[in-house]
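**Q** Provided below are the primary sequence and the corresponding predicted coordinates.
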Amino acid sequence: MKIAFLGLGKMGSAIARLLMKNGEELTVWNRTPSRAEPLKSDGAKVAKTPAEAAAGAEVVFTMPMDDAALEEMLDKGKVLESLGKGAIHVSLSTLSVALSKKLTEEHAKRGQHFVAAPVFGRPHIAEAAKLWIAVGGAKEPVEKVRPLLEKFSRGITVVAAHPWSAHALKLGGNFLITAMIASLSEGFVYSDALGIEPSIFLETVNKALFQSPFYEMYGKIMLEPPATPGATMALGEKDMRLFREAAQSEHVKTPLADVFEATFLRAFEAGMKDADWAAGYLQLQKGSL
């Protein structure tokens, strides 16, 4: 199968490398060419343009940061024009529901297939091939790409035949991640104020209540911030905004998400846009900017 991979950030590079490790041959492209060079030494063919990478591909994976970057890649980068009929575009990014619907229609007009496959997990989870993938799309293209998705994940949920359903689910999941981070932040500030070591608070409530490796992982990230953010406050704000937009399109109120969005904007005003999503949220709650 001829495969193209467009977008080689931390997550994209990890996934592309796993595909090659598991026997797939890739043609890759990234807006910043230097990020593609390490994959070249691993055996990938590096294209000069996204259109060149996509030309003749049966499957093209995309993983840019946001809607705008993907639309630029597909339109100005002429990926849509380069893909032939029957080709499958697999979007691994967290996109807006509106763009997911638009791409479903656009690919259908061209005789192509669109599969939404946003991933749950941070870069180190991707490197360990333990991502969870929410998949939306028609049965035939989903079945065709599923063996590829299984090469870099620990599990897959097929949500529905509409691609946008997977992006809607991913936004809902990221809303819950922020809700967890917000509640842990308040809990840590509370415990510290009452003379309880936050790490003891985390260990106790997780063992007594949640028994969740997810709470454990994020709690440790918050209390011991990584030197390099796994995900930034800017990324968290983007996902919260898209969650609220999707909800509003169906006349659903989001009182908690409204609070979270306001907090992210407050972090931006404090110059914390590039701070770690989880650790930065706690830092803001503590008031130690």
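**A** Yep, that arrived.
**Q** in the stretch 1-150 of the chain, where is pLDDT below threshold?
**A** The stretch 1-150 of the chain contains no residues with pLDDT under 70.
**Q** if we go to 90?
**A** 122-124 (pLDDT under 90).
**Q** just the strands in it please.
**A** Along the stretch 1-150 of the chain, counting by DSSP state E, counting those that start in this stretch, strands occupy 3-6, 26-29, 45-46, 59-62, 88-91, 113-116, 119-120, 131-136.
**Q** by contact count, what packs against the fourth one?
**A** In terms of contacts (3 or more Cβ pairs under 8 Å, 6 or more residues apart in numbering; DSSP states H and E), strand 59-62 is packed against strand 3-6, helix 10-21, helix 67-75, strand 88-91, helix 139-149. (C-beta placed from N, C-alpha, C; glycine too.)
**Q** JSON lines for the ones you listed, including distance to H113?
**A** Listed next are the helices and strands packed on strand 59-62 as JSON lines, based on distance: least, Cβ to Cβ, whole Å:
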{"stretch": "strand 3-6", "distance to H113": "14"}
{"stretch": "helix 10-21", "distance to H113": "19"}
{"stretch": "helix 67-75", "distance to H113": "14"}
{"stretch": "strand 88-91", "distance to H113": "5"}
{"stretch": "helix 139-149", "distance to H113": "4"}
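**Q** and the ones you listed: which comes nearest A234?
**A** With Cβ to Cβ as the measure, helix 67-75 is the member of the helices and strands packed on strand 59-62 nearest A234 (12.9 Å).
**Q** reformat the strands of the stretch 1-150 of the chain as JSON lines; add mean neighbour count.
**A** Listed next are the strands of the stretch 1-150 of the chain as JSON lines, based on neighbours: other Cβ atoms under 10 Å:
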{"stretch": "strand 3-6", "mean neighbour count": "27"}
{"stretch": "strand 26-29", "mean neighbour count": "24"}
{"stretch": "strand 45-46", "mean neighbour count": "16"}
{"stretch": "strand 59-62", "mean neighbour count": "25"}
{"stretch": "strand 88-91", "mean neighbour count": "27"}
{"stretch": "strand 113-116", "mean neighbour count": "26"}
{"stretch": "strand 119-120", "mean neighbour count": "21"}
{"stretch": "strand 131-136", "mean neighbour count": "23"}
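**Q** of these, which approaches L171 most closely?
**A** Here strand 131-136 is closest among these (Cβ to Cβ), at 10.1 Å.
**Q** and the closest one, what does it pack onto?
**A** strand 113-116, strand 119-120, helix 139-149, strand 153-160, helix 163-193.
**Q** now for the first one, which elements pack on it?
**A** If I follow you right, that is strand 113-116. Using 3+ Cβ pairs under 8 Å, 6+ apart as the contact test, the elements touching strand 113-116 are strand 88-91, helix 97-109, strand 131-136, helix 139-149, helix 163-193.
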